[in-house]
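Peer 1: please find the sequence and the predicted model below.
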Amino acid sequence: MHNGSVTEFILFGLTQDPGKQKTIFGIFLILYLMTLLGNFLIVVTIKTSQTLGSPMYYFLFYLSFADACFSTTTAPRLIVDALSQKKTISYNECMTQVFAAHFFGCMEIFVLIIMAFDRYVAICKPLRYTTIMSQRVCHALVILAWVGSCMHSSAQISLALRLPFCGPNVIDHYFCDMQPLLKLACMDTYVINLLIVFNSGAICMVSFSYIVILYSLRNHSAEGRRKALSTCTSHFIVVVIFFGPCIFIYTRPPTTFPVDKMVAAFYTIGTPLLNPLIYTLRNAEVKNAMKKLWCSKV
């Protein structure tokens, strides 16, 4: 059941230019397939490898799973819409997309935070690492990430379901998200927008847990700092390229900029593609495990 008389929305997409739409179809189809392949490869490698049993890889497994799902919430529709004349999405599909995008996006954020905690313990409490990051603790942290993601996306969808739509139904975006929907609602959305910004902002701000790691390194020797930073470089790169766009989109007043769609495309499709590359190219253990897997299958 929904508010107002609108039963479907028209997605504007990234562009209305027919020539550019064919280019978008080609580029994003390749990017999406590469995202699925890269993340699937990491998931299979970690699941089948005997050597990748440490907590870091256990969490990387869930990060890759979240990445593949997060990308799937938006990319297939963008690809299909690039070639279709009628870019419509039903109200129910739209609300499902809002929930799924926020669920898997939040899952990715929480797993990155857990990975930050894992690195913090490894650097600052190396002797107690195996005791603190026991299997039971790792399982509990992942369950917390699932529950937290569900709470975040449930809060977002409950706000979206309150919005009445009784007039224009063209969403100036390539997927259903809260900010473009707020512009179409026929009510004063100031309070709802504040709640959305608070909800998303609170999640994004937790990303600054990485600053705690950097701060904790100040007492280490130069050699210790260098080692620790080399361990964390991959994580820092991933956090910056994911949280930067998220903070830009979700923690500001209800204004939309023309660049928003490209920023959203970067963090919904670009980041899930870059994550497997960043973690594998900088990690000898993962690369060796992939080689072993490849050789055994060949």
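Peer 2: Thanks, I have it.

Peer 1: got the contact list for residue 75?
Peer 2: 28, 31, 32, 35, 268, 269 (CB atoms under 8 Å, 6 or more residues apart in numbering). C-beta: built from backbone N, CA, C; applies to glycine.

Peer 1: need the strands for the stretch 51-200 of the chain, in chain order.
Peer 2: 88-90, 170-171 (DSSP state E, counting those that start in this stretch).

Peer 1: quick one: mean pLDDT for stretch 180-192?
Peer 2: Stretch 180-192 comes out with an average pLDDT of 87.

Peer 1: then stretch 23-43?
Peer 2: 93.

Peer 1: list the buried residues in it.
Peer 2: Residues of stretch 23-43 classed as buried: 24-25, 28-29, 31-32, 35-36, 38-39, 41-43 (neighbour count, 16 or more other CB atoms under 10 Å).

Peer 1: residues in contact with it?
Peer 2: 13-15, 60-61, 64-65, 67-68, 71-72, 75-76, 78-79, 82-83, 265, 269-270, 272-273, 275-277, 279-280, 286, 290.

Peer 1: any of those residues buried? List them.
Peer 2: 13-14, 60-61, 64-65, 67-68, 71-72, 75, 78-79, 82, 265, 269-270, 272-273, 275-276, 279-280, 286, 290.

Peer 1: among the residues you listed, name the ones in helices.
Peer 2: 60-61, 64-65, 67-68, 71-72, 75, 78-79, 265, 272-273, 275-276, 279-280, 286, 290 (DSSP state H).

Peer 1: in stretch 287-298, which residues are buried?
Peer 2: 289, 290, 293.

Peer 1: just put those in CSV and tack on pLDDT and distance to residue 143.
Peer 2: Listed next are the buried residues of stretch 287-298 as CSV, based on pLDDT from 0 to 100; distance: CB to CB, whole Å:
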residue, pLDDT, distance to residue 143
289, 83, 26
290, 80, 28
293, 78, 28
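
Peer 1: which residue is nearest the middle of this structure?
Peer 2: With distances taken as CA atoms, centre = their mean, residue 105 lies nearest the centre of the chain, 3.5 Å away.

Peer 1: JSON lines please, covering the strands of the stretch 51-200 of the chain and showing distance to residue 144, mean pLDDT and mean neighbour count.
Peer 2: Formatted as JSON lines, these follow (distance: least, CB to CB, whole Å; pLDDT from 0 to 100; neighbours: other CB atoms under 10 Å):
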{"stretch": "strand 88-90", "distance to residue 144": "32", "mean pLDDT": "92", "mean neighbour count": "15"}
{"stretch": "strand 170-171", "distance to residue 144": "33", "mean pLDDT": "90", "mean neighbour count": "17"}
